[in-house]
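Engineer: I would like to see how this sequence folds:
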Amino acid sequence: MLETPANAKKSRSDFVAEQLEEAVINGDIPAGSRLDETSIAAQFGVSRTPVREALHILCGRGLAEREPYKGVVVIQISAQRIDEMFEAMAELEATCGRLSSHRMTMSERAELESMHRDMNALADEGDHEAYNEINTRFHSLLFQGSHNSDLISAAQTLRLKLAPFRKYQLKDKGRLKRSCREHQQIVDAILDQDPKAAENALRRHLVSAAQEVLLKRQRQEDEAAAKSHL
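Structural biologist: Predicted structure coming up:
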């Protein structure tokens, strides 16, 4: 049932995790909800094993937690918590960018520029799924370009926690275009080997992403509140 062209390359657990993450972030599965393995397995037409793995992913990303006698429960994710995660990511990425501006090899710089061109084309098409995949590789290459194993590890760990939120804010075509413009500043700074410009461009890029997530979240909360008063 799950082997459709859009998700054929993904494992069942990754696919289920992505669907649950989106539902949690969109508010379709509210905080406090218990994520029942049996019902989720039936919903997606899979065994309980990939569901168990998917719930483990959600817990690892801070979207849910295991509670005694209740199982896996969706936690309340405050705007402050989202802001703090993006702030930490901004500082890590800014540092990676500063180091990458003069440590990246020629082939790494060429690959970064090539990814940017591909993302521009995808943004024009409005293909947010494909854009998100390359975007993840784009930022990972910036981490790798720092050539500092501890920084890379810390950045990748936090990136995994923020991945659902970063994907969420890229679903708007207008945001894809803005992201490309911000990426252009990052790529220019890296190619110019300008550490300060790279650091500032990455910090601004993460602030912009955080604003998009928080504004979108606030709009959804306002809409839900308005419906409840009808």
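Engineer: The host helix or strand of Arg117: which residues count as buried?
Structural biologist: Assigned by DSSP states H and E, Arg117 falls within helix 106-125. Neighbour counts using 16 or more other C-beta atoms under 10 Å place 108-109, 111-112, 115-116, 119-120, 122-123 of helix 106-125 among the buried residues. Where you see a C-beta, it was placed from the backbone N, CA and C, and this is true even at glycine.
Engineer: Can you tell me the closest non-neighbouring residue to Ser179?
Structural biologist: Excluding the flanking residues, the one nearest Ser179 by C-beta to C-beta, 6 or more residues apart in numbering is Leu170, at 6.6 Å.
Engineer: Over to the one you found: give its phi and psi.
Structural biologist: Torsion angles at Leu170 (phi, psi; degrees, to the nearest 10) stand at phi -90, psi 0.
Engineer: ok so, going back, any idea of the mean pLDDT for the helix holding Arg117?
Structural biologist: Throughout helix 106-125, pLDDT has a mean value of 96.
Engineer: Let me know the pLDDT of the closest residue to Ser33 other than its chain neighbours.
Structural biologist: Nearest residue to Ser33, sequence neighbours excluded (C-beta to C-beta, 6+ apart): Val74, at 4.7 Å. What the model reports as pLDDT for Val74 is 92.
Engineer: So for whichever strand or helix holds Val51, mean pLDDT?
Structural biologist: Here Val51, judged by DSSP H and E, is contained in helix 48-60. For helix 48-60, the mean pLDDT works out to 93.
Engineer: Enumerate the positions of the following helix or strand past it that are buried.
Structural biologist: Downstream of helix 48-60, the next assigned helix or strand under DSSP H and E is strand 64-67. Applying a neighbour-count criterion of 16+ other C-beta under 10 Å, one finds Ala64 buried in strand 64-67.
Engineer: Stretch 45-57 now?
Structural biologist: Those would be 46, 50-51, 54-55, 57, for stretch 45-57 by 16+ other C-beta under 10 Å.
Engineer: Pick out the residue nearest the middle of the protein.
Structural biologist: Ala163 (2.2 Å; C-alpha atoms, centre = their mean).
Engineer: ok so, going back, give me the number of residues near the residue nearest to Ser33?
Structural biologist: Here the count is done by other C-beta atoms under 10 Å, and Val74 has 19 residues near it.
Engineer: That one and Ser11, how far apart?
Structural biologist: 22 Å (C-beta to C-beta, to the nearest Å).
Engineer: which stretches of the chain form strands?
Structural biologist: For the chain, the strands defined by DSSP state E occupy 64-67, 71-74.
Engineer: With distance to Asn135 added, can I get those strands in CSV?
Structural biologist: Converted to CSV, the strands of the chain look like this (distance: least, C-beta to C-beta, whole Å):
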stretch, distance to Asn135
strand 64-67, 25
strand 71-74, 26
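Engineer: helices or strands up against the helix or strand of the chain with the lowest mean pLDDT?
Structural biologist: Least confident helix or strand, the chain: helix 195-228 with a mean of 86, by mean pLDDT, DSSP states H and E. Contact here means 3 or more C-beta pairs under 8 Å, 6 or more residues apart in numbering; DSSP states H and E; on that basis helix 195-228 packs against helix 79-103, helix 149-169, helix 173-191.
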